[in-house]
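> I would like to see how this sequence folds:
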Amino acid sequence: MSDVSRIKEFNLPDLGEGLTEGEILAWLVKVGDVIELNQPIVEVETAKAAVEIPAKWAGRVQSIFHEAGTTVEVGTPIIAIDTDPDAGPIEESTTGAPDAALPTPSPAALAAVEVAPSEGAVEPGLIGGPAPGGRTAVLVGYGPRTTA
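Numbers count the residues shown, from 1 in each chain. The predicted structure is shown next:
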């Protein structure tokens, strides 16, 4: 397993309809702790309730991104978990971040890339594209008419 894919960032989940943020009340784990799947890792308070959030993955806590008392937007990473801590140390790049070196594409591969035109980039009938009757295709059915 590559070092990049073994470190998983856990985002603050949507804890209720209409909630956009939560305040971290207390961390139930610390950096270096080995955790199990569904183990409570953090206590978060929203406008509606205080809840314990369980771990999405088993592994070792690599880093905690926000201290207790911090208000965090839903979808913001709050903790990083090494899902394969027995694989050995993680390679560090010169910037101190996990090494995320990606292969460099060949000149032939770069030349073969086609860039979609800005006009008409979406095929007819696909979401966001033109549809019969001057409408725009949406997820279900068709959106409102765009012609008079």
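> For stretch 73-88, what is the spacing between the initial and final residues?
End-to-end distance for stretch 73-88, by CA to CA, to the nearest Å: 33 Å.
> next one: stretch 69-81
First residue to last in stretch 69-81 (CA to CA) measures 21 Å.
> which residues touch it?
7-15, 19-24, 29, 35, 41-42, 44, 55-57, 59-66 (CB atoms under 8 Å, 6 or more residues apart in numbering). For glycine as for every other residue, the C-beta is placed from the backbone atoms N, C-alpha and C.
> same deal with stretch 39-54?
10, 12-13, 15-16, 19, 21-29, 35, 37-38, 55, 61, 72, 78-79.
> Any of the residues you listed buried? List them.
Buried subset of these (neighbour count, 16 or more other CB atoms under 10 Å): 10, 12-13, 15, 22-24, 27-29, 35, 55, 61, 72, 78-79.
> how about the CA coordinates for the strand or helix carrying V61, as CSV?
Assessed by DSSP states H and E, V61 sits inside strand 59-64. C-alpha atoms of strand 59-64 as CSV (Å, rounded to 0.1, in the frame of the first residue of the first chain):
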residue,chain,number,x,y,z
GLY,A,59,-5.4,2.5,12.6
ARG,A,60,-3.1,4.9,14.4
VAL,A,61,-3.9,8.6,14.9
GLN,A,62,-1.4,10.4,12.7
SER,A,63,-2.5,14.0,13.5
ILE,A,64,-5.4,16.0,15.0
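> Tell me the first helix or strand C-terminal of that strand.
By DSSP H and E, the next helix or strand past strand 59-64 is strand 71-73.
> Quick check: neighbours of that following strand in the sheet, parallel or antiparallel?
According to DSSP bridges, strand 71-73 forms sheet pairs with strand 21-27 (antiparallel).
> could you give the mean pLDDT of the partner strand?
In this model, strand 21-27 has a mean pLDDT of 94.
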